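> this one's structure only:
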């Protein structure tokens, strides 16, 4: 009886140990989907409201903030602990002008548990590409 209980306990712990990295990967994927949606939403809001909208990553905060204009706070999103913005990124903000176009193109580079992921913002209409 004790042998069966030990076998069940070991197999259950193996299942839990194999699920943890998978759940971390799913959490990271959800974050990047949400980031892409927030960037598109910021662009549509800048066009709709006729004001600049800025999505900003701060060094001392694990996440990003969306600001309407220069003084109207929007909302703040936190990043999972397994994701951080690399210092090699040439962008720390995505700035949409009142006409919906991007002010500065560039790449946001993120360190994740499975390697580096990039978010590239293209010049012009602000098309965004998230790497997998």
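That came through, no problem. Just so you know, these numbers come straight off a predicted model, no measurement behind them.

> what's across from the nearest residue to residue 49 once chain neighbours are set aside in the sheet?
Excluding its sequence neighbours, the residue lying closest to residue 49 (CB to CB, 6 or more residues apart in numbering) is residue 68, at 6.7 Å. Heads up, the C-betas are built off the backbone N, CA and C, glycines and all. Under the criterion DSSP bridges, residue 68 forms beta bridges with residue 53, residue 72.

> so what's residue 68 up against?
Going by CB atoms under 8 Å, 6 or more residues apart in numbering, residue 68 touches 45, 49, 51-53, 74.

> now which of those residues would you call buried?
45, 52-53, 74 (16 or more other CB atoms under 10 Å).

> which pair in those spans the largest distance?
Within those, two members stand farthest from each other by CB to CB: 52 and 74, at 11.7 Å.

> end-to-end on stretch 94-101?
11 Å (CA to CA, to the nearest Å).

> what residues sit buried inside it?
By 16+ other CB under 10 Å, the buried positions in stretch 94-101 come out as 94-96, 100.
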